[in-house]
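Q: Have a look at this prediction, sequence included:
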Amino acid sequence: MKTCRKTRYAKHSNQSLFPTLAPMLKRIQDDFKIQLILITLLCFVAYGNTIKHGFVLDDNSAILNNSSVKKGLSGISEIWSHSFMYGYLQQEDATYRPVTSTWLAVLYEFFGDNSTPYHFTQILLYLLLCILVLFYLKRLLRDFHPLYPLLITLVFLVHPLHTEVIANIKSVDEILALLFGVLSLHLFLLTNDKAENKLFPLAVLSFFFALTSKESAITLLVLFPFQLWFFRSSSLKATLTKSSVLFLPLGLYFFLRITLLDSMTYAEGSNEMSIYNNSLLAANSFTESIGSAFLILGYYLKLIFLPSNLSYDYSFNVFPIVGLTNISSLVSILLYLALGALSLLGIIRKWKFAFGLLMFLALLSISSNLFVKIGSSGSERFLFAPLLGFVIFVVLSIDQIHRKKKLTWLKESFVTVLSLVLIAVFTSMTISRNSDWKSEESLFLADVEKVPESFRANLLAASIYQEKADNSSSINAQNNLNKKALTHLKQVYKIYPEFEDTYIQMAQVYRNLAAWNKMKTVSEAGLKINPKSNVIIALLADAHLKLNEFADCRKYFLKLENSDDTLYDFSAKYNIGASYLNEQNFDSAIVWFQKVRTIKPNDITTNYYLAMSYFQVGKMDLAIQFFSKIPNTHDTYAHSQSSIGTIFLIQENFEQALVHLNNALLVVPGDENILNNMIVAYQSLGQLDKAEECVAMINAPSAVPSLQ
């Protein structure tokens, strides 16, 4: 067999469309070390610019805000006994990926929230995966041209579709699942080729690790028997019998899921299964569901051949809901039916390219939304593993056509040159796309331009502009940024008017722009979506307060009083007191500010307003008591001391009046109101020289306007 393989390709070794490439390719073909070096260099060339990137998207829920992962090594037992997002949600969800979380916990133990080591190790893991793919393909495709495994690996390595998986640390679950999956396939093949049964337990263990990295690895199961069927002289019955042992790790995986998790699927109505995550849930019929799913699947095929305008988000409403009569959907259905028929015919006739096609279709099926609805309409990461099968399919198809049709131009050299061109183009596109993933700001603002019809992309872009506005010290910049946020929020409203958070963010933006009437209008609309939303109620009440509509303000703040959330309870009581204070209903203001003190007895602003209210109703002792609680570091300290001085002046306690008036003057030198009160006190005490000094200070150019 080995002699036959050498003879077969010896006749092509000196034939090339580009003869100058032949010596270099021959050397690469014959030297495995050069191949490894080439893969390593290309991996870091393509993805090296992600090393300094930050955490983005799901990195927050998987790492930064995940209590289980943040426990580091001590959290591993918790990780293996709970779902993937337990540390973030504090409740079980439908995913069980302990290998992935364990990997992240180990990284957190040593590197904390420093993103650079995470990105570096992400590239190393991906490099390890690609090297393993090369090993696997060299064994699997041993009867084909020696360069095919390398070319397939390199095209897979640099394909721009993989930028999401490599640049987004949470997507290490995709890398680990495929890494352990390919390792299991390779060990299974070695067991068959070398009759070394001692490797078989390792193949079984690797498959278990693939499943516990990400559940989508279950679809790899179909590949174990078929790799022997297509590439070895095994009968289908024998391969199925041998592969049946792999149901052991599969059974263990499902046993752990059923035992540890509350449910096997996403709960209806949960965030993961909402329309804005998976637009297919908006389908009104089975035909619309199928038609829309195939519309997305057709787009996947386009991305494989033309990976441009890539986006982190393909949620509602990037892909419209369509029926089976939609042209794009219909073309996609016909294409996939053709691919499915070709794979079935290939199985019957043992066409080796059909293995790649079977891998592509099998690995894609679990995220296709055809058989079960998942938590997303679509994503580039869903093509991560399937793409390997598709590249195998394309390369082996060209080889099959060449050998059957004897086309002189369609030979190994053509595959080589085509692959090299693709590798060069894809590498450039990957490097460029990586820059978008540097931060959430760069990613969200870049991608919203590519998918302007996306609900989530607009919502997150608006959040970025709001955050930038909050951090800006320039009023003009703040207004411009808030207006940009508003533009995207209006688009969100247009796409999905039922989403509650849109109204919240719009009301907050209008508040920042001091557009109180618009803030009120938006809040009222939001309250129709969710009449029990404390956030919207608070925003509406605040808008009424700013518009001096005090009765309506109290109407809504009263809904928040005694809320389980202390923050809302405090805000309600405080603002009701403030509304009475604005109406100069000081007795009612005192009642509500005293209620505030039952929650926060040392709140400075509350004590200040309480003191002012007592002052207005003539309860001077209580006014002095609460004015005295204001520390000298607070903005109201000077006025508080001045007020105490005024009270003592009224009570003709001139010495005490001067003590507090001087305290105030130290904070605001030259204040006319304070100085005038000090003149009265000094004159009353007969200290006319001191009184004259105060008069001189009032007439001095450095004098400042009165506090009152």
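A: Right, received. Where do you want to start?
Q: downstream neighbour of whichever strand or helix holds residue 524 in the secondary structure list?
A: Secondary-structure assignment from DSSP states H and E places residue 524 in helix 516-529. As assigned by DSSP H and E, the chain's next helix or strand after helix 516-529 is helix 534-546.
Q: need the helices for the stretch 451-600 of the chain, in chain order.
A: For the stretch 451-600 of the chain, the helices defined by DSSP state H, counting those that start in this stretch cover 455-471, 475-495, 500-512, 516-529, 534-546, 550-560, 566-582, 586-599.
Q: Just send the ones you listed back as CSV, with distance to residue 140 and mean pLDDT too.
A: Backbone N, C-alpha and C define where each C-beta goes, glycine included. Shown next, in CSV, are these (distance: least, CB to CB, whole Å; pLDDT from 0 to 100):
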stretch, distance to residue 140, mean pLDDT
helix 455-471, 39, 93
helix 475-495, 46, 94
helix 500-512, 49, 94
helix 516-529, 55, 95
helix 534-546, 56, 94
helix 550-560, 65, 93
helix 566-582, 60, 93
helix 586-599, 68, 94
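Q: Please give me every residue in contact with residue 292.
A: By CB atoms under 8 Å, 6 or more residues apart in numbering, the contact set of residue 292 is 279-280, 283, 319-322, 329.
Q: one more time with 10 Å
A: By CB atoms under 10 Å, 6 or more residues apart in numbering, the contact list for residue 292 reads 279-280, 282-283, 319-324, 326, 329, 369, 377.
Q: Please name the nearest non-neighbouring residue to residue 85.
A: In space, and not counting its chain neighbours, residue 85 is closest to residue 93: 4.7 Å by CB to CB, 6 or more residues apart in numbering.
Q: And for that neighbour, the neighbour number?
A: 21 (other CB atoms under 10 Å).
Q: which element is it on?
A: Using DSSP H and E, residue 93 falls within no helix or strand.
Q: Kindly provide the distance from it to residue 499.
A: To residue 499, residue 93 is 21 Å away according to CB to CB, to the nearest Å.
Q: cool, and residue 373?
A: The value you get for residue 373 to residue 499, if CB to CB is used, is 19 Å.
Q: Helices of the stretch 151-300 of the chain, residue ranges please.
A: Using DSSP H, counting those that start in this stretch, helices in the stretch 151-300 of the chain cover 163-167, 172-194, 200-211, 223-231, 236-243, 247-260, 286-305.
Q: Of these, which is nearest residue 106?
A: Residue 106 lies closest to helix 172-194 among the helices of the stretch 151-300 of the chain, at 11.4 Å (CB to CB).
Q: what is the orientation angle of that closest one with helix 200-211?
A: 160 degrees (axes from the mean of the first three to the mean of the last three CA atoms, to 10 degrees).
Q: and helix 172-194, what does it pack onto?
A: Here helix 172-194 touches helix 98-111, helix 115-140, helix 163-167, helix 200-211, helix 223-231, helix 236-243, helix 353-365, helix 384-405, going by 3 or more CB pairs under 10 Å, 6 or more residues apart in numbering; DSSP states H and E.
Q: Looking at those helices, which is nearest to residue 625?
A: Ranking these by proximity to residue 625 (CB to CB) places helix 98-111 first, at 50.6 Å.
Q: now that closest one: how far from the chain's centre is it?
A: With CA atoms, centre = their mean, to the nearest Å as the basis, helix 98-111 stands 18 Å off its chain's centre.
Q: Just want the angle from it to helix 172-194.
A: 120 degrees.
Q: For helix 98-111, buried residues please.
A: 98-105, 107-109 (16 or more other CB atoms under 10 Å).
Q: Give me the mean pLDDT for it.
A: In this model, helix 98-111 has an average pLDDT of 96.
Q: Mind giving me the packing neighbours of it?
A: helix 67-70, helix 76-80, helix 86-89, helix 115-140, helix 172-194, helix 200-211.
Q: Flag the helix or strand of this protein with the lowest per-element mean pLDDT.
A: Least confident helix or strand of the chain, by mean pLDDT, DSSP states H and E, is helix 2-10 with a mean of 41.
Q: following it, which helix or strand comes up?
A: helix 22-30.
Q: Which strands and helices lie in contact with that following helix?
A: Using 3+ CB pairs under 10 Å, 6+ apart, the elements in contact with helix 22-30 are helix 32-47, helix 148-158, helix 412-434.
Q: Quick one, which of the contacts of residue 292 are buried?
A: 279-280, 282-283, 319, 321-323, 326, 329, 369, 377.
Q: which of the residues in the helix holding residue 524 are buried?
A: 516, 518-523, 525-527.
Q: In terms of distance to residue 608, which of those ranks first?
A: Proximity of the buried residues of helix 516-529 to residue 608 (CB to CB) peaks at residue 516, which lies at 24.5 Å.
Q: Who are the contact partners of the closest one?
A: Here residue 516 is in contact with 510, 542-549 (CB under 10 Å, 6+ apart).
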